[in-house]
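# Using only what follows, build the 3D model:
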Amino acid sequence: MLDFLSQAPVWVTAGELADLLGVTPRTVRSYITSLKSAAHPLEIIESGPAGYRLDLEAFAVHRSSLRVQADEPVTPQDRLYALMRRLTESPDGLDVYELSADLFVSDSTIDADLTKVRQLLLPETGLTLTRHGSVVMLTGSETDRRRLLSRMFREESSRGLLELEAIQREFASDSLGAFKTDLIAMLDSQGYFVNEYGTNDVLLHVAIAIDRVTKRTSPVAAQARPDEGSPDGMTLALSGLILRHFHVELGTGDLDYIALLLKTRVITPGHDQPAQVLIESFVRPEDLKAVRRIVGQAGDEFLLDLAEENFIVRLTLHVRNLINRAQDRSYSHNPLTRSIKTSYPLIYEVAVYIASQLQRQEQIVINDDEIAYIAMHVGAHLQQQSRREDLVTCALVCPNYYDMHVLLRERIERVLGDELEVVSVVTRSDVDWKALDASLVLTTIDPQSPTDGVLVIQPFLTEADIDRIRKAASRIRRLRRRAHLKDELLQFFDESLFAHNFHAADESAMIQALGERMIEHGDIDQSYIDGAIERELMSSTAFTDNLAVPHSMSMTAIRTSIAIVINDTPMPWGENRVNVVAMVAFSSAGRKSFQTVFDQFVEVFSERTDVQRLVKRSVDFASFIDELVHLMDQ
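Sure thing, here's the model as predicted:
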């Protein structure tokens, strides 16, 4: 709840929070009361007729005060974390009765905690919990123990970018900041791209290694690993940096493992080098061939130009590291996953397609964070292609006086060239306003009557003018997109594919139920439903807090259509709870529509207040269409 309130720009009602969390408004109010009590005398949450709002300054002070570490765990979650830490540090096991005395809880509480520990130790951790009499012991490799510590620490940390300060505080290491600075300088000097999002992940493993070595636990076993293009001096340089900053000499296994993490999470070779040099020096031919094939298929499927050589080569370098991470079950965290998925659903969908092909080829599992890294490559490439049709056409009215119109146009194009395209300049004072053929008119003289799309600016462009022009251009683009969307979208709805307050046991059951309706309607067959369920298992299709858009990655529908469910009470969908489920089926002839509909459909449902209004008023198909049109016309 705090995480949501910290990102909400407006007041949020108890009902909205209840829907989000899957609890009752009464429970939300009890949460608020508990938080206020815990933060007293700070007022971290404001209450009012409009609901609740977080005081960000007071909340920051409260969080800082919580960072002072207590000697004993103060919450059940803290106690579980402390128990896991002790188990990883005790090769001979722990006595349950001594634990209960140390943690000031009953034996039965420790037994309950141990049950939770067993649930956390899923098969993929490689660790098991055994008990002989009163002694419990964690069995498994040192590498798996450290991976568990890393996972636990991340889950304890707030969502988002892993904080260096938090790592230093947890593992009592004040030298990590200086070590990071020197590490990045060393990598940069050796010609690597450095992924800052992955750097703190590696620093966490460095801190864990130093912490465990100084406590004389087992070192990581040395493993023979291929060098994979990294310079011979990297491990040696890494050893020197660790010794200088931490006064600890790590063993070969530890150094090799940290070097492997750097190679697979942080660095990519070939900074400022052309694609051909990268191919000759760093890229494996079989990897390049596979990525070319997969990217070509993605381009054909989504009607995108993805054939640029630099993009393919750099994606290939990334894919090799991704495969290594997936094989080692050591995924790289991406703090931008949620925002990429919500803001750029089509780009994310292309990344899901590429990831699905890699999964099949390499027999690996690729999670959401890794998919988001692929999306960052795809998005950066598509951004460079920036199409001119995204620009807003502009007519400039500026009566001639010592070529003032020339200076004004040059300033507009220099400052706003990424927003506007000036298509005509009128230098007369007797303007035929109706004849101006442009989406936006900028004028230094007042029009005969105020008109939408006409903006009066100063002859010498001010910062206030620039802000107003940007907002006007953004609004025009949004309305243009939504008008196009409305024309495309409304033809895909049918009353027989609309349901109000229809629930299913889980995501797969909802997809199956909606799919069966679409089969009856003659739009798809069972294979499309199977494809939609497979796509859902790859990554949740809940692209916002309110909307899920299940679909297949293959556009094999007989006819393009949308089956939609509007529920007053949200249902769990992945990590979200959604009120709206829209199962989208596209035929091969509808590929062009997919690009238009998919991104913009998600954008329309991105504002929680708008969606809540739609949910409350869409009691039948006719009212749903009315509200949807209203939403798209805003």
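# neighbouring contacts of stretch 139-153?
Defining contact as C-beta atoms under 8 Å, 6 or more residues apart in numbering, one finds that stretch 139-153 is touched by 81, 84-85, 88, 121, 125-130, 138, 167, 170, 201, 204-205, 208-209, 212, 217-221, 257, 329-330. In short, each C-beta sits where N, CA and C put it, glycine included.
# Adjacent strands (with direction) for the longest strand anywhere in the chain?
What stands out as the longest strand in the chain, according to DSSP state E, is strand 561-573. Here strand 561-573 has these sheet partners by DSSP bridges: strand 498-500 (parallel), strand 576-585 (antiparallel).
# Now tabulate those strands in JSON lines and tack on mean pLDDT.
Converted to JSON lines, the strands paired with strand 561-573 look like this (pLDDT from 0 to 100):
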{"stretch": "strand 498-500", "mean pLDDT": "96"}
{"stretch": "strand 576-585", "mean pLDDT": "94"}
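# deepest of those, which one?
Comparing the strands paired with strand 561-573 by mean neighbour count (mean count of other C-beta atoms under 10 Å), strand 576-585 comes out on top with a mean of 24.
# Next secondary structure element downstream of that strand?
Next helix or strand after strand 576-585 toward the C-terminus (DSSP states H and E): helix 591-604.
# between that next one and strand 561-573, what angle do the directions make?
40 degrees (axes from the mean of the first three to the mean of the last three C-alpha atoms, to 10 degrees).
# going forward, begin numbering at 24 instead of 1
I'll keep to 24 as the first residue from here, and by that count the last item is helix 614-627.
# other SSEs contacting helix 614-627?
With contacts defined as 3 or more C-beta pairs under 8 Å, 6 or more residues apart in numbering; DSSP states H and E, the packing partners of helix 614-627 are helix 308-325, helix 368-385, helix 486-512, strand 599-608, helix 644-656.
# in stretch 580-591, what's buried?
Neighbour counts over stretch 580-591 (16 or more other C-beta atoms under 10 Å) mark 580-581, 583-590 as buried.
# Ok, stretch 290-307 next?
Within stretch 290-307, the residues that count as buried by 16+ other C-beta under 10 Å are 290-293, 298, 301-302, 305-306.
# any low-confidence regions in the protein?
Applying pLDDT under 70 to the chain picks out residues 89-98, 145-147, 178-186, 195, 239-255, 294-295, 407-412, 657.
# Nearest residue to the residue nearest the centre of it in space, please, no chain neighbours.
The residue lying closest to the centre of the chain (C-alpha atoms, centre = their mean) is Thr360, at 1.5 Å. Nearest-residue entry for Thr360: Ala395, 4.0 Å, with adjacent residues in sequence omitted and distances by C-beta to C-beta, 6 or more residues apart in numbering.
# The one you found should be in a helix, yeah?
Yes - applying DSSP: H, G, I helix; E, B strand; the rest coil, one finds Ala395 inside a helix.
# wait, what's in contact with it?
Contacts of Ala395 by C-beta under 8 Å, 6+ apart are 357, 359-360, 363-364, 371, 374.
# if you set the cut-off to 7 Å instead, what comes out?
357, 359-360, 363-364 (C-beta atoms under 7 Å, 6 or more residues apart in numbering).
# and if you look at Tyr75?
So Tyr75 contacts 28, 34-35, 55, 68-69 (C-beta under 7 Å, 6+ apart).
# Repeat that for Thr291.
Thr291 neighbours (C-beta under 7 Å, 6+ apart): 215-216, 340-341.
# Which of the residues you listed fall in strands?
215-216.
# ok, and the most crowded of the contacts of Thr291?
With neighbours defined as other C-beta atoms under 10 Å, the most crowded of the contacts of Thr291 is Leu340; it has 23 neighbours.
# my guess is that one contacts Phe305, does it?
Yes - between Leu340 and Phe305 there is a contact under C-beta atoms under 7 Å: 6.4 Å.
# For burial, what's the neighbour tally of Ala506?
Residues within reach of Ala506, counting by other C-beta under 10 Å, total 12.
# er, Pro595 I mean
12.
# so Leu520 sits right up against His544, yeah?
Yes - counting by C-beta under 7 Å, Leu520 touches His544, with 6.1 Å between them.
# Would you mind measuring from Glu219 to Leu226?
Distance, Glu219 to Leu226, by C-beta to C-beta, to the nearest Å: 11 Å.
# And Pro595, by the same measure?
When C-beta to C-beta is the yardstick, Pro595 and Leu226 sit 35 Å from each other.
# Make a markdown table out of the contacts of Ala395 and add secondary structure.
Output for the contacts of Ala395, formatted as a markdown table (three-state DSSP):
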| residue | secondary structure |
| --- | --- |
| Asn357 | coil |
| Leu359 | coil |
| Thr360 | helix |
| Ile363 | helix |
| Lys364 | helix |
